[in-house]
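Visitor: Need the 3D shape of this:
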Amino acid sequence: MVQAIHFLFISLHKKFMSIKPYSDSDNKKSQVSRMFDNIAGKYDFLNHFLSLHIDTYWRYNAIKILSNLSIEKKPVILDVATGTGDLALACLKLQPEKIVGIDISEKMLEYGRVKINKKKQQHIISLQTGDSENMTFPDHSFDIITVAFGVRNFENLQKGLIEMFRVLKPNGKVLILEFSKPHFFPLKQLYLFYFKSILPFLGKTLSKDAEAYTYLPASVLQFPQDEEFINILISCGFQPIQQKKYSGGICSAYFCTK
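Guide: Below is the predicted model of the structure:
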């Protein structure tokens, strides 16, 4: 069993390392940071436009489920790969003491801070540049950790998940939202056509970064899902609570505890 998990991680690591936004020799982490810096100004618009605003519902519903789990009152929350802070803002429904959002793209954080300041939530939410695979926080720092559409961008998935486990308090909760692949006809076929053909064209046209929206479907299609991803979470120390699928399997939410 241990050998099987080790082999799985080696295979996954090679797979993720090979999927990069750009064709140059920079490592994946540097390229992902550059990609999000490039599209930061259009990110929120494209996120909502390309998903027909369904992504807002996915976040809202996932946070609602999280609120029904046994969580601390006034929790301290870490939002990993926070981007422009959409999920961090959604976490306000949990009535937290504090929310810290980290991301490797400073440009994305700049836009996030503007949104947070407009909502006058800067006394609760702080955004800072940070590497999810090498966090500077002490062990057992957070009651809740969230991440939306970010773990597939990790350069080393195992390392990032283990870091999340390290900084989570005992009995703390984790929410991971990630794109997934529908399995049923005709949604699967329509989804793949949209993801491989329409989305890259629209992304290129509107963001002026063709590679970013070619990388998106490639990274989603290679990402482990369902039982495969749950087994990875277990091997990193987490105890799965439940998985919730949205919109026919286009998005999945994974809820875990430590």
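Visitor: What does the residue nearest to residue 237 when sequence neighbours are not counted show for phi and psi?
Guide: With sequence-adjacent residues excluded and distances taken as CB to CB, 6 or more residues apart in numbering, residue 237 is closest to residue 165, at 4.6 Å. C-betas here are computed from N, CA, C, even on glycine. Here is the backbone geometry of residue 165 (degrees, to the nearest 10): phi -60, psi -40.
Visitor: Counting neighbours, what do you get for residue 100?
Guide: 20 (other CB atoms under 10 Å).
Visitor: Actually, residue 171.
Guide: 12.
Visitor: Ok, residue 208 next?
Guide: 12.
Visitor: Show me where this protein has its helices.
Guide: Listed in chain order, the helices of the chain (DSSP state H) span 2-18, 28-50, 54-67, 86-90, 106-118, 157-167, 187-193, 199-207, 212-222, 226-235.
Visitor: Next one, pLDDT for the residue nearest to residue 237 please.
Guide: pLDDT for residue 165: 98.
Visitor: before we move on, what about the one 3 residues further on?
Guide: With respect to pLDDT, residue 168 scores 98.
Visitor: Check residue 5 too.
Guide: For residue 5, pLDDT reads 45.
Visitor: same question, residue 129
Guide: 97.
Visitor: List the residues that contact it.
Guide: Going by CB atoms under 8 Å, 6 or more residues apart in numbering, residue 129 touches 102-104, 106, 109.
Visitor: Residue 236 is in contact with the residue nearest to residue 237, correct?
Guide: Yes. Counting by CB atoms under 8 Å, residue 165 touches residue 236, with 5.6 Å between them.
Visitor: residues near residue 32, how many?
Guide: Every residue meeting other CB under 10 Å relative to residue 32 is counted, giving 25.
Visitor: isn't it right up against residue 21?
Guide: Yes. Contact criterion CB under 8 Å: residue 32 and residue 21 qualify, at 6.3 Å.
Visitor: And the contacts of stretch 243-252?
Guide: By CB under 8 Å, 6+ apart, the list of residues contacting stretch 243-252 reads 54-55, 57-58, 61-62, 65, 177-184, 187, 191, 225-226, 230, 253-255.
Visitor: Most tightly packed of the helices of the chain?
Guide: Of all those, helix 86-90 carries the top mean neighbour count, a mean of 24, counting by mean count of other CB atoms under 10 Å.
Visitor: helices and strands around that helix, which ones?
Guide: For helix 86-90, the packing partners by 3 or more CB pairs under 8 Å, 6 or more residues apart in numbering; DSSP states H and E come out as helix 54-67, strand 76-80, helix 106-118, strand 125-129, strand 142-148.
Visitor: I'm done for today, thanks for sticking with me.
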